[in-house]
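In: Quick one, structure for this:
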Amino acid sequence: MTDKNQTPIAKDQLFGPFLFARGGDEKTSRIAALVVAPEGLDLPEFRVLEQGAITPVLLATLYGRCYWRFDFDLPAKSDTSYNFDNETYSVCADLTKDVRFGFVSCNGQEDGDLDRPLEDRNALWIDLAKQHEEQPFSLLLHGGDQIYADGVWECHPDIIAWDKARRRQRLATAFSDEMRDAVLKFYLDHYLAIYGQPQISHMLARVPSLMMWDDHDIFDGWGSHKKWFQGSAVARGMFACALEAFCLMQLCTAPDTTPENLPDMVLDRDGQSLAWKVDYPGVSLIAPDLRSERTPSDIMGDHGWRDLLAALETIPDGNRVLLMSSVPVIGPRLSLVEMFLHLLPSAQKYEDDLRDQWQSRWHRREWCRFLELLESVANEHDHEITLLSGEIHVATRGTFETRGKTIHQLVASGISHTAPPAMFARVLGLLAWIGDHPLPERPTKLKPLPGRIGTYCAARNYLTLARKGNSWDANWHLEGIGWTPDLTI
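Out: I've put the predicted structure just below:
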């Protein structure tokens with residue numbers, strides 16, 4: 001696959017290393033590192049003191065770049081390191097006792113994302129790095145919209161024309177090789193444009209990441225559009241390209257989702273759903289894939305439900321569960337909004353945004369099923385569960401009162417997306433005040449952050465989670481406001 005109009009890449013244009021977590025035990029933390037280099041360039045040496053030089057695996061060669069993965073282990077220590085290109089990177093690889101995780105989401109915005117000064121765009125990444133220097137993070141969790149790829153609609157004249165065409169013409173249009181090259185190259189270039197920003201690459205090289213995608217990693221609303229649209233050859237082709245880029249840039253694996261290529265953490269060995277589960281001492285992290293099988297009527301498909309159930313039933317005894325749901329599981333009563341939009345045809349363009357949510361009337365039965373599954377795991381298997389979500393560009397929290405335990409939901413969004421108007425937060429707060437309790441006698445409730453009054457906080461933000469002994473605390477950092485008090489979860 002080649003790009004005839006490709007711009008020559010400078011020989012010193014290296015991207016990475018970007019670290020990805022693979023799980024660990026009391027002695028070892030398993031890590032994969034992604035390095036992207038110009039084709040034909042001899043890679044610098046990648047060395048780990050305990051293992052010596054690491055031999056890379058070539059994941060793909062695309063558009064003049066090679067995507068290399070280095071698999072290695074680090075001892076479960078807080079002061080270990082690796083060396084690449086004559087630079088030493090410190091990593092806090094001890095997850096056996098007290099630990100600290102960061103959680104981020106919505107790393108971009110729909111329009112003008114790359115036009116902003118980096119010091120402004122990445123102000124919270126800069127702050128996150130300062131926090132890491134003071135008290136290191138062992139993991140960085142990315143809850144969705146790691147990039148905003150909506151510019152894909154402008155990547156090729158044929159894509160632009162298709163987007164403006166009538167329905168019949170769209171359905172009759174094939175996804176050409178030229179379209180595929182333009183779309184895939186756009187996704188890969190955009191990932192590198194984001195990951196390569198110094199404020200972000202600094203953290204990705206020092207803290208192993210766990211990532212799960214959401215719609216903007218594909219394009220806005222993927223999975224919630226009309227069936228004819230999503231079934232078209234062009235839309236399916238664009239999704240396939242986004243999936244290849246997701247595998248390379250968020251899973252650090254080959255773009256071909258065959259069983260031999262998928263990392264062990266991926267639950268569905270057929271690659272229909274890319275949900276994953278990672279275990280460490282005392283904590284298990286799970287991220288269902290809410291996009292790969294999504295349709296206007298279903299958030300997860302058969303593969304996703306099968307594997308989520310199996311993952312939740314095989315949590316090691318005593319482990320806390322951190323479950324990343326890219327869209328919040330606990331949310332406001334959206335059926336009223338959907339009813340209102342149904343009466344206003346001009347406003348129905350927002351329908352896909354509402355269908356994205358668990359609380360949509362189209363997903364109510366599936367939402368109840370998800371809550372019942374969480375309740376079962378929390379009570380019958382005696383696990384503490386914490387839900388982590390992003391997507392909505394504000395910060396909030398919520399609780400789900402099961403018959404035996406309280407399940408907390410923590411929402412942090414977005415780390416670089418511009419904060420919405422305060423009125424947006426007030427309207428959401430009103431819908432939250434009306435309430436929505438899908439399971440009898442087991443209420444879900446949205447609540448203000450510690451120290452705050454309104455249910456939603458319209459400020460850019462990120463979240464930290466800390467385990468001290470057997471206790472877990474959460475804190476939000478709110479831009480222009482500061483830190484919230486500890487929330488024990």
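
In: what sits against the closest residue to S105 other than its chain neighbours?
Out: Excluding its sequence neighbours, the residue lying closest to S105 (Cβ to Cβ, 6 or more residues apart in numbering) is G390, at 2.4 Å. C-beta coordinates here come from the backbone N, C-alpha and C atoms, glycine included. Shown in contact with G390 (Cβ atoms under 8 Å, 6 or more residues apart in numbering): 103-106, 143-145, 214, 326, 411-414.

In: Switch these over to a markdown table; also include pLDDT, distance to Q359 and neighbour count.
Out: Shown next, in a markdown table, are the contacts of G390 (pLDDT from 0 to 100; distance: Cβ to Cβ, whole Å; neighbours: other Cβ atoms under 10 Å):
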| residue | pLDDT | distance to Q359 | neighbour count |
| --- | --- | --- | --- |
| F103 | 98 | 21 | 28 |
| V104 | 98 | 23 | 28 |
| S105 | 98 | 18 | 30 |
| C106 | 98 | 19 | 27 |
| G143 | 98 | 18 | 32 |
| G144 | 97 | 17 | 27 |
| D145 | 98 | 19 | 29 |
| D214 | 97 | 16 | 24 |
| S326 | 97 | 14 | 26 |
| V411 | 98 | 13 | 32 |
| A412 | 98 | 19 | 29 |
| S413 | 95 | 16 | 28 |
| G414 | 95 | 20 | 28 |
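
In: Would you reformat the residues you listed as a markdown table and include distance to T55 and secondary structure?
Out: Formatted as a markdown table, the contacts of G390 follow (distance: Cβ to Cβ, whole Å; DSSP: H, G, I helix; E, B strand; the rest coil):
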| residue | distance to T55 | secondary structure |
| --- | --- | --- |
| F103 | 33 | strand |
| V104 | 32 | strand |
| S105 | 34 | coil |
| C106 | 36 | coil |
| G143 | 33 | coil |
| G144 | 33 | coil |
| D145 | 34 | coil |
| D214 | 34 | coil |
| S326 | 35 | coil |
| V411 | 41 | strand |
| A412 | 38 | coil |
| S413 | 39 | coil |
| G414 | 38 | coil |
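
In: now those residues in TSV, with distance to K77?
Out: TSV is the format used below for those (distance: Cβ to Cβ, whole Å):
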residue	distance to K77
F103	23
V104	25
S105	29
C106	33
G143	28
G144	31
D145	33
D214	34
S326	32
V411	33
A412	28
S413	33
G414	33
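
In: between these, which is closest to T386?
Out: Nearest to T386 among the contacts of G390: F103, at 10.3 Å, using Cβ to Cβ.

In: separation between that closest one and G223?
Out: As judged by Cβ to Cβ, to the nearest Å, F103 and G223 stand 23 Å apart.

In: what about G469, how many residues close to it?
Out: 7 (other Cβ atoms under 10 Å).

In: next one: F20
Out: Residues lying near F20 (other Cβ under 10 Å) number 24.

In: give me every residue that touches it.
Out: I31, A32, A33, L34, P208, S209, L210, M211, L251, C252.

In: What ranges does the stretch 251-400 of the chain have for its strands?
Out: 276-280, 283-287, 320-324, 385-389, 396-401 (DSSP state E, counting those that start in this stretch).

In: Name the surrounding residues that touch the first one.
Out: Where contact means Cβ under 8 Å, 6+ apart, the residues beyond strand 276-280 that reach it are 21-25, 29, 95, 210, 212, 251, 263, 265-267, 284-287, 311, 314-316, 319.

In: Now with 6 Å, please.
Out: G23, G24, L95, M265, V266, L285, I286, A287, A311 (Cβ atoms under 6 Å, 6 or more residues apart in numbering).

In: what do you get for the second one?
Out: Applying Cβ under 6 Å, 6+ apart, the external contacts of strand 283-287 come out as 210, 212, 276-278, 311, 315, 319-324.

In: what's the closest of these to G304?
Out: Closest to G304, out of all of the contacts of strand 283-287 and judged by Cβ to Cβ, is A311, at 10.4 Å.

In: could I get the contacts of strand 276-280 as CSV with distance to D353, pLDDT and neighbour count?
Out: Below are the contacts of strand 276-280 laid out as CSV (distance: Cβ to Cβ, whole Å; pLDDT from 0 to 100; neighbours: other Cβ atoms under 10 Å):
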residue, distance to D353, pLDDT, neighbour count
G23, 35, 98, 20
G24, 38, 97, 25
L95, 37, 96, 25
M265, 30, 97, 22
V266, 28, 97, 22
L285, 28, 98, 24
I286, 26, 98, 24
A287, 22, 98, 28
A311, 29, 96, 20
